[in-house]
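**Q** Coordinates for the following, if possible.
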Amino acid sequence: METEVCFSAPSDWTIRSVEDVCSRVTSGGTPSRREHAYYSGGRWPWVKTQELQDKWLEDTDEHITEAAVSESSAKVLPTNTVLLAMYGATVGQLALLRRPMTCNQACCAMIVDEREADYRYLFYQLLHARPQLKSLATGAAQQNLSGVVIKSLRFPFPKLSEQRAITYILGILDDKIELNRRMNETLEAMAQAIFQSWFVDFDPVRAKAEGRDPGLPKEIVDLFPDRFEESELGEIPAGWEVGTFGEVAENPRRGIEPAKIQESTPYIGLEHMPRRCIALADWDHADALESNKFEFRRGEILFGKLRPYFHKVGIAPVGGVCSTDILVIAPKQPTWFGFVLEHASSVEFVNHTDAASTGTKMPRTNWQDMRRYQIVLPPVPVAAAFTAQVQPLVKRIVANIHESRTLAALRGTLLPKLISGELRVKRAERFTSEVA
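**A** As a prediction, the model looks like this:
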C-alpha cells in the first residue's frame, strides 16, 4: 500500500515513499515503571508525544538508563532522527532530535538515509502534510496513525542539492525563531536573578551591612538599608514590612459574553500557555468561542488557575480574551509591575496556590487565596527601581514573540511553495556549496 499526500510536483522531481528514503522506520518502547531505577539518573533522554513541538528537541523531562534500553523495546535513536506522534490528540506532531535519544511506543522514528534525502526536507514535507496525516488516522476513542501507513507515505523529492537549498531557506527562519525563544529564556532568567538577589536573598542589604560593595549603581545602593530586623517571616531589611500579595496586586474581572467578542480578538486558553515560561507566544482568535470569557490587556499577567501545579504564568503580549480558568493579575500601581510579575511567576507562589487549591481531580486556585500570600514589601522607590530594571527585559521578550510570529507566518507561506516546486531555488548546487 502506498499513500500519496502531495500530488503536484515538477517533472524532474521523483515521488518516493518514507520507507524509500529511510534506513530505518521504527517505534520506541516504554521500560517497566516497576523498576524505578530505570528512570533515576539515566543517560538517555526519553521522548513522549507531548514533547513533540514541531522543532528541534534538545532534551526531555525523563531520562532512562542503559538497563532500561537493553531490557525493553526502547531503542537509542541517532541525532537528526525525525519523530512523528502516532497516537491520541498529538497525532502528526513532529520533532527533530538534536542528540541521541529514546522514545516511547507512541512515536514513530524515521532515520533518514543521508544518501537518499535530507532529513530536514522529510520533516518539512510531513509538517506540510499534517492535515492529510490526521485524516489518515483511525480509531474512535483514540486516533491511531499506523507505522505501515507512515512508511507508505509518498512525497515529491528533488535532487539532494535542491532539498538542501530548500531546507536552508526554511531553516534560517526556524533558527531565528529558536534564537528568539532562547533569548527570551535568558531575559526571563536575568529578571528572576535580580528579583532573587534584591527581594529573597537581600544581597544589597547584606553587602552594605558587611561593608562590601553591592556592585550596583550608587542611586540604587542608596535605596537599600544597611541592617536587618526581625519579623514574623524572619530577618528582613530594616524599614521593610510584611504584607500580602493583594496589597500590591489586583484581579481585574472583566467578564464578557461570546456574542460581544469580535472574531479577530486574540484568545488565550490554558493550552496556549507553556509551563514555567512567562513568554506567551501562542494564541488563537475568538471566532469559535461559545462561552463567557475574561478580557485582559497587553502587559497584564495571566495565571492558569486550573491545576496550578502546571505553573502556567505569563505576560500578555496582546490584549484579548482568555479562558475563565485563567486569572488576570495586574499591579495596583505601575511601579509594582516587576515585583508583582516575579512573585506571581515564582515557584514559591505557585506552590502556595497549589496547596490552597480545591478539587481532587481538577484542583483550582482562587484569587482570595492568592491575595493572602505573605510577602516582604519594600519601600515604593525600591519597587520602582526594580520595575525599571525589568521593564526593558519584558518589552524585549514581547518584541521577540511578535517577530517570531511574523517569521512563522512567512515560513507558512514559503513552505508549501518550496516543497511542491511551485517556487524553485535557482542554481541549487551553487547555492548549497556557497552556504555549506
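**Q** Let me see the ranges of the strands in the stretch 51-200 of the chain.
**A** 55-57, 62-64, 82-85, 94-97, 102-103, 107-112, 153-157 (DSSP state E, counting those that start in this stretch).
**Q** Now residue 328: which helix or strand?
**A** strand 326-331 (DSSP states H and E).
**Q** on that earlier part again, wait, which of the strands of the stretch 51-200 of the chain is closest to residue 353?
**A** Counting by Cβ to Cβ, residue 353 lies closest to strand 62-64 out of those; the figure is 25.4 Å. For every residue, glycine as well, the C-beta is placed using N, CA and C.
**Q** Report the separation between the residue at minimal distance from the centre of the chain and residue 304.
**A** The residue lying closest to the centre of the chain (Cα atoms, centre = their mean) is residue 274, at 4.7 Å. Counting by Cβ to Cβ, to the nearest Å, the gap from residue 274 to residue 304 is 10 Å.
**Q** Now do the same for residue 402: its pLDDT.
**A** On the pLDDT scale, residue 402 is placed at 97.
**Q** what sits against it?
**A** Listed by Cβ atoms under 8 Å, 6 or more residues apart in numbering, the contact partners of residue 402 are residue 317.
**Q** Poorly predicted segments of the chain, please.
**A** Within the chain, the segments meeting pLDDT under 70 span 1-7, 33-40, 140, 427-436.
**Q** show me the contacts for residue 29.
**A** 72-75, 102, 104-105.
**Q** circling back to that earlier point, okay, the residue nearest to the centre of the chain and residue 345: tell me how far apart.
**A** For residue 274 relative to residue 345 (Cβ to Cβ), the value is 12 Å.
**Q** Mutual contacts of those two, please.
**A** residue 314.
**Q** Alpha carbons of stretch 80-89, as CSV, please.
**A** C-alpha atoms of stretch 80-89 as CSV (Å, rounded to 0.1, in the frame of the first residue of the first chain):
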residue,chain,number,x,y,z
ASN,A,80,18.7,14.1,13.2
THR,A,81,16.1,11.4,13.6
VAL,A,82,12.6,12.6,12.6
LEU,A,83,9.9,11.8,15.2
LEU,A,84,6.2,11.7,14.5
ALA,A,85,3.4,11.3,17.0
MET,A,86,1.2,8.3,16.1
TYR,A,87,-1.5,8.2,18.8
GLY,A,88,-4.0,10.4,20.5
ALA,A,89,-4.5,14.2,20.5
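**Q** what residues do residue 274 and residue 304 have in common as contacts?
**A** residue 312.
**Q** picking that back up, so which elements touch the helix or strand that the strand holding residue 328 is followed by?
**A** As assigned by DSSP H and E, the chain's next helix or strand after strand 326-331 is helix 337-344. Applying 3 or more Cβ pairs under 8 Å, 6 or more residues apart in numbering; DSSP states H and E, we find helix 337-344 packed against helix 160-195, strand 249-250, strand 301-304, strand 326-331, helix 380-420.
**Q** outside of helix 337-344, which residues touch it?
**A** Under Cβ under 8 Å, 6+ apart, the answer for helix 337-344 is 191-192, 195, 199, 245, 248-249, 278, 299, 301, 303, 313, 315, 329-331, 349, 373, 375, 378, 383, 386-391, 394.
**Q** on that earlier part again, just the helices and strands packed on helix 337-344: most buried one?
**A** Stretch with highest mean neighbour count among the helices and strands packed on helix 337-344: strand 301-304 (a mean of 24; mean count of other Cβ atoms under 10 Å).
**Q** ok, the residue nearest to the centre of the chain touching residue 314?
**A** Yes. Judged on Cβ atoms under 8 Å, residue 274 makes contact with residue 314 at a distance of 7.5 Å.
**Q** on that earlier part again, can you spell out which helices and strands pack onto the strand holding residue 328?
**A** Partner elements for strand 326-331 (3+ Cβ pairs under 8 Å, 6+ apart): strand 249-250, strand 293-296, strand 301-304, helix 337-344, helix 367-371.
**Q** So what's the gap between the third one and the chain middle?
**A** So the one you mean is strand 301-304. Relative to the chain's own centre, strand 301-304 is displaced by 15 Å; criterion: Cα atoms, centre = their mean, to the nearest Å.
**Q** Which neighbouring elements make contact with it?
**A** By 3+ Cβ pairs under 8 Å, 6+ apart, strand 301-304 packs against strand 313-315, strand 326-331, helix 337-344.
**Q** Could you do the first one as well?
**A** Applying 3+ Cβ pairs under 8 Å, 6+ apart, we find strand 249-250 packed against strand 326-331, helix 337-344.
**Q** contacting residues around the spatially closest residue to residue 133 that is not a sequence neighbour?
**A** Leaving aside its chain neighbours, residue 133 sits nearest to residue 92 (4.5 Å; criterion: Cβ to Cβ, 6 or more residues apart in numbering). Counting by Cβ under 8 Å, 6+ apart, residue 92 touches 84-85, 126, 130, 133-134, 137, 145.
**Q** Give me the buried entries from these.
**A** 84-85, 126, 130, 133, 137, 145 (16 or more other Cβ atoms under 10 Å).
**Q** any chance you could map the strands in the stretch 201-350 of the chain?
**A** Along the stretch 201-350 of the chain, the stretches classed as strands by DSSP E, counting those that start in this stretch are 228-231, 234-237, 241-244, 249-250, 255-256, 266-268, 284-285, 293-296, 301-304, 313-315, 320-322, 326-331.
**Q** Span of stretch 260-272 from start to end?
**A** 22 Å (Cα to Cα, to the nearest Å).
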